[in-house]
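> Structure for the following, please:
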Amino acid sequence: MKLDDLIIDKKIPEDRKFIELFKKVLQKQAPFYKALIKFEGIRPFSDYLPKLHSALIQRVLQGIVTGHYPYLHVYQKGEHFIMSDDYQTYYIYSQLKKDVIPCIVLGKMPMSKFVLETGKADYDYNMFFEVVDNPKKN
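Reported below is the predicted structural model:
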């Protein structure tokens, strides 16, 4: 798949920063990391509210049961992390009142009071989580 073939849902407000970071990561021009981030530290890019589909809800629930939580893709802005590509999964986590969310952080190494663990990510999205940094918990 070519980058130009990526389809963007026109109903979701466009986050140019996310799109550019995501393209750079796919082109291996920018780093990315796995991180466990407190839910309160993640902010949606917009107030877009998706319709939650039962199939996706079941997939997320099955992932939780098996320990394979779906990642949210985010980037850091100040102390917080901006999510702009998976509103459905974000709001499912919200409804389930999950305190900690596994994320793929695009760009620089995540540093924030909301980050509990960070690890190296690879281009295969390997579920292995190698801890490389343990920021202070506030």
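
> Now do the helices in the chain.
Here the chain has its helices, by DSSP state H, at 16-26, 54-66, 87-95.

> The last one vs helix 54-66, what angle?
What that stands for is helix 87-95. 60 degrees (axes from the mean of the first three to the mean of the last three CA atoms, to 10 degrees).

> hang on, the earlier thing: quick one: which of the helices of the chain is nearest residue 121?
Ranking the helices of the chain by proximity to residue 121 (CB to CB) places helix 16-26 first, at 9.2 Å. Every residue, glycine included, has its C-beta placed from N, CA and C.

> on contacts alone, who are the packing partners of the closest one?
Other elements packing on helix 16-26 under the criterion 3 or more CB pairs under 8 Å, 6 or more residues apart in numbering; DSSP states H and E are strand 72-77, strand 100-106.

> The same query, at a cut-off of 10 Å, please.
Judged by 3 or more CB pairs under 10 Å, 6 or more residues apart in numbering; DSSP states H and E, helix 16-26 is in contact with strand 32-38, strand 72-77, strand 80-83, strand 100-106.

> Let me have those strands in TSV, adding distance to residue 55, mean neighbour count and mean pLDDT as columns.
Converted to TSV, the helices and strands packed on helix 16-26 look like this (distance: least, CB to CB, whole Å; neighbours: other CB atoms under 10 Å; pLDDT from 0 to 100):
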stretch	distance to residue 55	mean neighbour count	mean pLDDT
strand 32-38	25	23	95
strand 72-77	18	22	96
strand 80-83	21	21	98
strand 100-106	21	23	95
